[in-house]
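Colleague: no sequence on this one, just coordinates:
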């Protein structure tokens, strides 16, 4: 998985939960939602085992709830990489809405898990659910399944079809999940727009719930290699033309330079709404950045305040690995560094490679593209989506502002946006950075936060449909 957005990777806690349905076992109850989460967590869907068992288990749930076989399809490139696509038919008043969540999880070595906690057993302890995937992101899968079954049990006929895709391999590379569906069965998942439960959601800072976010764009991950070469020689006879020194000087120049500021609809509205929460110079700078044209000096001050603000204001490039030389007693013949860049939507791989070449400022440093994802455009702020999120957020957490965000990392949304499908990261989970330990030992989510997110999704779909 990508580091995921604030609200998906991180922990939700301290929520004043709205009134929810009781503990009944039906599709509207917390017992049902808990049972779904338990079943999913207790299926090992790491890379070694694949997603098929989890997909089949959820297909059985839909089947038991009365969904016909004709409205479900289980398919994928290999037997262990199966995706489940389910459709709830509507009145056909508009194109369908697609909702996605991935079934796979990262590996879960048992070292580091507290006594009595098994990564593949759902454990409730001191107000938390523990287990691999409770946060990333089997809570979202369970919420989708519970919501679709609840809508059908109520006899609800939406104005348009609802399509749910539970997918493989987001954590280990998306070739077998969303990417495979787009390449081979686009008609199964084609829609007016998509909601991805693996991004967006509520943000907590210092224990306070501050805002609900909708992720509308992501940066693209591209790595470049910067390399120097020369004749080398014996280390007892050093010369000025040293491949390591030459590369080091270029990297020092990179450390002092930034790529130009970039802005889009999402980041401008984000800073405009953040200005109402912040105070002092930071608030003033946010207002100045949100203007058209934006104040570049204000952007510079914001970039210095926070690595996150810097990341959403420009394409970022940073040296992450370095190697050079071939023997301790020889002058280096080569030196190379990996420069990892996260591209702002609209920047191209070639334009960033050119910028790096200019910043390194040495014709003897060759810059080549290594691993490059294809950039994706930002999704437009569709009023239908933003309005529904705002409506439900105000119902459940009165006074909570809603923000569009651009993530500095990436999820399955990027494949959908590349394919021309507007995609929004939407989650009812509130989170705080560095808590919850997604991908790590003792992964956990508060019990109330999970139930809140299921209710949020149900109300959101009713608001949209």
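Modeller: Nice, thanks for sending it over. Keep in mind that this is a model prediction, so the values were computed, not measured.
Colleague: right, and residue 149 touches residue 28 too?
Modeller: No: applying CB atoms under 8 Å, one finds residue 149 not in contact with residue 28, separated by 9.4 Å. Quick note: C-beta positions are derived from backbone N, CA and C, even for glycine.
Colleague: look at those two and report which has more neighbours.
Modeller: residue 149 (24 against 21; other CB atoms under 10 Å).
Colleague: in which helix or strand would I find that one?
Modeller: helix 138-153 (DSSP states H and E).
Colleague: over to residue 100?
Modeller: strand 97-102.
Colleague: what's that strand packed up against?
Modeller: helix 138-153, strand 162-167, strand 193-196 (3 or more CB pairs under 8 Å, 6 or more residues apart in numbering; DSSP states H and E).
Colleague: tell me the buried residues in the first one?
Modeller: Counting neighbours by 16 or more other CB atoms under 10 Å, one finds that the buried residues in helix 138-153 are 138-152.
Colleague: report the mean confidence score over the strand holding residue 100.
Modeller: Predicted confidence along strand 97-102 averages 98 (mean pLDDT).
Colleague: who does the helix or strand following that strand pair up with?
Modeller: Downstream of strand 97-102, the next assigned helix or strand under DSSP H and E is strand 123-125. Using DSSP bridges, strand 123-125 pairs in its sheet with strand 128-130 (antiparallel).
Colleague: contact partners of the strand it pairs with?
Modeller: Here strand 128-130 makes contact (CB atoms under 8 Å, 6 or more residues apart in numbering) with 37, 117, 122-124, 442-447, 450.
Colleague: returning to that earlier point: next, the angle from the helix holding residue 149 to strand 162-167.
Modeller: Helix 138-153 and strand 162-167 are oriented at 150 degrees to each other (axes from the mean of the first three to the mean of the last three CA atoms, to 10 degrees).
Colleague: low-confidence regions, the stretch 151-300 of the chain specifically.
Modeller: The stretch 151-300 of the chain contains residues with pLDDT under 70 at 174.
Colleague: ranges for the helices of it?
Modeller: 178-184, 186-189, 243-256, 265-274, 280-290, 296-305 (DSSP state H, counting those that start in this stretch).
Colleague: same check, this time on the stretch 351-465 of the chain
Modeller: Under DSSP H, counting those that start in this stretch, the stretch 351-465 of the chain gives helices at 383-396, 413-418, 447-464.
Colleague: nearest to residue 97, of these?
Modeller: Nearest to residue 97 among the helices of the stretch 351-465 of the chain is helix 447-464; the distance by CB to CB comes to 6.4 Å.
Colleague: roughly how far apart are the nearest residue to residue 427 once chain neighbours are set aside and residue 407?
Modeller: Distances taken as CB to CB, 6 or more residues apart in numbering place residue 201 nearest to residue 427, at 3.4 Å, with adjacent residues excluded. Going from residue 201 to residue 407 by CB to CB, to the nearest Å gives 11 Å.
Colleague: what do you get for residue 186?
Modeller: For residue 186 relative to residue 407 (CB to CB), the value is 24 Å.
Colleague: same check on residue 290?
Modeller: For residue 290, the distance to residue 407 - CB to CB - is 19 Å.
Colleague: can you check residue 398 too?
Modeller: Taking CB to CB, one finds residue 398 at 27 Å from residue 407.
Colleague: separation between the closest residue to residue 232 other than its chain neighbours and residue 227?
Modeller: Using CB to CB, 6+ apart and skipping residues adjacent in sequence, the residue nearest residue 232 is residue 333, 3.7 Å away. Residue 333 sits at a distance of 11 Å from residue 227 (criterion: CB to CB).
Colleague: then residue 115?
Modeller: 49 Å.
Colleague: mind checking which of those two has more residues around it?
Modeller: Using other CB under 10 Å, the more surrounded residue of residue 115 and residue 227 is residue 227, with 18 against 4.
Colleague: which residue packs closest to the more buried one, ignoring adjacent ones?
Modeller: Residue 227 sits nearest to residue 336 (CB to CB, 6+ apart), 4.3 Å away.
Colleague: please apply the same query to residue 290.
Modeller: residue 272 (3.8 Å).
Colleague: pull the contacting residues for the closest residue to residue 161 other than its chain neighbours.
Modeller: The shortest distance from residue 161 to any non-neighbouring residue, by CB to CB, 6+ apart, is to residue 96 (3.9 Å). By CB under 8 Å, 6+ apart, the residues touching residue 96 are 87, 90, 160-163, 190-192.
Colleague: would you show me how to pick out the buried ones of the residues you listed in ChimeraX?
Modeller: Here is the ChimeraX selection string for the buried members of the contacts of residue 96, based on 16+ other CB under 10 Å:
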select :87,90,160,161,162,163,191
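Colleague: save the contacts of residue 96 as JSON lines, and put in distance to residue 369 too.
Modeller: Compiled in JSON lines, the contacts of residue 96 are given as follows (distance: CB to CB, whole Å):
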{"residue": "87", "distance to residue 369": "40"}
{"residue": "90", "distance to residue 369": "44"}
{"residue": "160", "distance to residue 369": "41"}
{"residue": "161", "distance to residue 369": "40"}
{"residue": "162", "distance to residue 369": "40"}
{"residue": "163", "distance to residue 369": "35"}
{"residue": "190", "distance to residue 369": "32"}
{"residue": "191", "distance to residue 369": "32"}
{"residue": "192", "distance to residue 369": "34"}
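Colleague: state the mean pLDDT of stretch 315-323.
Modeller: pLDDT averaged over stretch 315-323 gives 98.
Colleague: now do it: distance to the chain's middle.
Modeller: Chain-centre distance of stretch 315-323: 22 Å, with CA atoms, centre = their mean, to the nearest Å.
Colleague: may I see the buried residues of it?
Modeller: For stretch 315-323, by 16+ other CB under 10 Å, it's 315-317, 319.
Colleague: how about stretch 231-242?
Modeller: 232, 242.
Colleague: likewise for stretch 382-397?
Modeller: Quick answer for stretch 382-397 (16+ other CB under 10 Å): 385-386, 388-390, 392-393, 396-397.
Colleague: who's more crowded, residue 398 and residue 407?
Modeller: residue 407 (26 against 8).
Colleague: thought the residue nearest to residue 227 was touching residue 323?
Modeller: Yes: Residue 336 is within contact range of residue 323, at 5.8 Å (criterion: CB under 8 Å).
Colleague: picking up where we left off before, closest one to residue 111 out of the buried residues of stretch 315-323, please.
Modeller: Of those, the one sitting nearest to residue 111 (CB to CB) turns out to be residue 319, at 31.2 Å.
Colleague: how near is the closest residue in space to residue 309 that isn't next to it in sequence to residue 159?
Modeller: The shortest distance from residue 309 to any non-neighbouring residue, by CB to CB, 6+ apart, is to residue 302 (4.5 Å). As judged by CB to CB, residue 302 and residue 159 stand 41 Å apart.
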